[in-house]
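Chemist: okay, here's the prediction I keep looking at, along with the sequence it came from:
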Amino acid sequence: MFITKVLRRMRKASTKQVIVASAFMVALAGAVGLGLATRQTIKAASFTRDCSHNAIDNQDLNGGCGFADASEFIADVRNNNPSDLQAIYASYGLNSTDYDRFVKEAVPGIAYKDGTIQVDGRVVATDAWSIGRDKKANSWNVDGYWADSAQNVFLGNEIPVMVLFDSKGVMQFAVMNPCGNATTGNKVVPTYACKSLTKSPVEGEKDTYMFTTDAPTSNGATVAKVVYDFGDGTTQTVNDLSPVKHHFAKPGNYDVKVSVTFSLPGNNTQTVEGLKCHTAVTVLAPYYACTQLIASSLNADNTQFRFTVMTKQGNGATLKDADFTLDGGNTTTGVTTKDKDGNIYKEYTFAADGSGHTVVAKVNFNVADGVQSVTCKASVTSTKAPTCTVPGKENLPPNSPQCVEECKPGIPVGDSRCATPVAAQLPNTGAGDVFGLFAGTSAFGAVAHRVFKSRRQRRS
């Protein structure tokens, strides 16, 4: 319309006016060429609108030919002036159902003379070509319009475009801002996957692992974030594929999995949890036990004993110390004395009285959540020392000089002083002899008595 009006006026114009108008047209053409030869953005003030016949959106609508942003472009398409806009764009991937999404999701990009289309520095198409209304030297007909490669038709190095992507980050539709010409090419399909999740134990750190995710990307896909679910109620989110360290605080079997969110062209994202992005972790419970308390005699008299604690521990449990209690009352805490084999022990000395003694050892272990204890015990009997067996002298040792039998107080048996004099022996007579002896003796006594008495009377 603009050119038609100019031609009509030129018919009525003077020679001077024709010269001025011609100069204006040359300047306009130069401006268009300069605009295409210079890097453009999607802002209306930063590129020159192309209203030439070759432009698909060549009507002066909504502020001029071409479009400054997605909203203006869709307004032109909905007005459908020229009348073939909707059909042209539909054949290149923009249907009427996509209009609202184009306004919200289309992003700016650059179409380059080398045939690449880039968005945010990522190549989304190669070997690009575009359509126009005019036939060029090397163009080919596509549904009544003329297509040609960017290398053949670009006057400059680059032209701003608006690009709509599908949910997979693949270019769905692209159109040039200055002229509204649709462009396409070999669409680059982003590739991305979560291939594996591997674990490796951290040396010196119990139940701690490093997890590494293998998630390769290409063709414009990048890793946006990685979310680790450790299966123990905790998660961790990182924004790259750097290894992640995690400690499992409690025993159990854990299914560790990872999900990767990929950033795709067109502000799209895809979250993937690969079938191989799982790994199992088994955390064993600590074990600890006092298997035996061994009592070992240290002397021949069995009055000195060593009580040695025998233990088993593992999976994070370590031996701390032991508390020894003798006969239920005397306790020694925190014993760490160890023999050459690393076993804790304590020694006791008992009286040689044959009494029994019981030692209880409470063994303490360090575990992840504090200290745990178990007990074991052992009993011994001291040997009773030998004593004097002489009645009344049991308090003396058997080798005491006083530990001997006596015949008389202070005179040991066997002493010469213990000898007993020999008594007169009577004849071995029968009962009659004894009676006769008794009778004779009595008679003799009576006679003697009378003689003695008669003598006495005479003297008187």
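Modeler: Received it, and whenever you're ready, just let me know what you need.

Chemist: which strand or helix spans His246?
Modeler: strand 244-247 (DSSP states H and E).

Chemist: quick one, what contacts the residue nearest to Lys199 when sequence neighbours are not counted?
Modeler: Leaving out its chain neighbours, the residue that sits closest to Lys199 by Cβ to Cβ, 6 or more residues apart in numbering is Tyr209, at 4.6 Å. Backbone N, C-alpha and C define where each C-beta goes, glycine included. By Cβ atoms under 8 Å, 6 or more residues apart in numbering, the contact list for Tyr209 reads Lys199, Ser200, Pro201, Val202, Lys245, His246, Phe248, Val281.

Chemist: got the residues you listed as CSV, with neighbour count columns?
Modeler: Shown next, in CSV, are the contacts of Tyr209 (neighbours: other Cβ atoms under 10 Å):
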residue, neighbour count
Lys199, 15
Ser200, 10
Pro201, 12
Val202, 14
Lys245, 11
His246, 20
Phe248, 20
Val281, 19
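
Chemist: and the two most separated of the residues you listed?
Modeler: Ser200 and Phe248 (14.1 Å; Cβ to Cβ).

Chemist: is the closest residue to Ser96 other than its chain neighbours in a helix, a strand, or coil?
Modeler: The spatial neighbour of Ser96 that comes closest, neighbours along the chain excluded (Cβ to Cβ, 6+ apart), is Gln86 at 6.9 Å. Assigned by DSSP: H, G, I helix; E, B strand; the rest coil, the conformation of Gln86 is helix.

Chemist: and Gln86, how many residues sit next to it?
Modeler: 16 (other Cβ atoms under 10 Å).

Chemist: ok, now which ones touch it?
Modeler: Gln86 neighbours (Cβ under 8 Å, 6+ apart): Val77, Asn80, Ser96.

Chemist: and the second one, how close does it get to Ser96?
Modeler: As for Asn80, its distance to Ser96 is 10 Å (criterion: Cβ to Cβ, to the nearest Å).

Chemist: low pLDDT regions in the stretch 301-450 of the chain?
Modeler: 420-450 (pLDDT under 70).

Chemist: hang on, Thr387 packs against Ser400?
Modeler: No - contact criterion Cβ atoms under 8 Å: Thr387 and Ser400 do not qualify, at 9.5 Å.

Chemist: neighbouring contacts of stretch 224-235?
Modeler: For stretch 224-235, using Cβ under 8 Å, 6+ apart, the contacting residues are 211, 213, 215, 236-241, 244, 246, 248-250, 252, 254-263, 269, 281.

Chemist: quick one, which of these are buried?
Modeler: Using 16 or more other Cβ atoms under 10 Å as the burial test, these include 211, 213, 215, 241, 244, 246, 248, 254, 256-263, 281 as buried.

Chemist: domain ranges for this structure, per the record?
Modeler: Domain assignment for the chain by automatic domain parsing gives 38-187, 191-283, 287-381.

Chemist: tell me the most buried of the ones you listed?
Modeler: Stretch with highest mean neighbour count among the domains of the chain: domain 38-187 (a mean of 19; mean count of other Cβ atoms under 10 Å).

Chemist: now do the SS call for the residue nearest to Lys199.
Modeler: strand.

Chemist: and it, what pLDDT?
Modeler: Note for Tyr209: predicted pLDDT of 98.

Chemist: the one 3 residues further on too?
Modeler: The predicted local confidence for Thr212 comes out at a pLDDT of 97.

Chemist: pretty sure Asp321 contacts Ile344?
Modeler: Yes - if you go by Cβ under 8 Å, Asp321 and Ile344 touch, sitting 6.9 Å apart.

Chemist: quickly note the distance from Asn58 to Ala317.
Modeler: 83 Å.

Chemist: how about Gly180?
Modeler: Distance from Gly180 to Ala317, by Cβ to Cβ: 75 Å.

Chemist: neighbouring strands of the strand holding His246 in the sheet, and parallel or not?
Modeler: Using DSSP bridges, strand 244-247 pairs in its sheet with strand 208-214 (antiparallel).

Chemist: next secondary structure after the strand it pairs with?
Modeler: Moving toward the C-terminus from strand 208-214, the next helix or strand (DSSP H and E) is strand 217-218.

Chemist: quick one: strands adjacent to that following strand?
Modeler: Partners of strand 217-218 in the sheet, by DSSP bridges, are strand 191-192 (antiparallel).

Chemist: tell me what angle the helix or strand that the partner strand is followed by forms with strand 208-214.
Modeler: As assigned by DSSP H and E, the chain's next helix or strand after strand 191-192 is strand 196-201. Counting by axes from the mean of the first three to the mean of the last three Cα atoms, to 10 degrees, strand 196-201 lies at 160 degrees to strand 208-214.

Chemist: name the helices or strands packed onto strand 196-201?
Modeler: Applying 3 or more Cβ pairs under 8 Å, 6 or more residues apart in numbering; DSSP states H and E, one finds that strand 196-201 contacts strand 208-214, strand 252-264, strand 278-283.

Chemist: ok, now with 6 Å
Modeler: strand 208-214 (3 or more Cβ pairs under 6 Å, 6 or more residues apart in numbering; DSSP states H and E).
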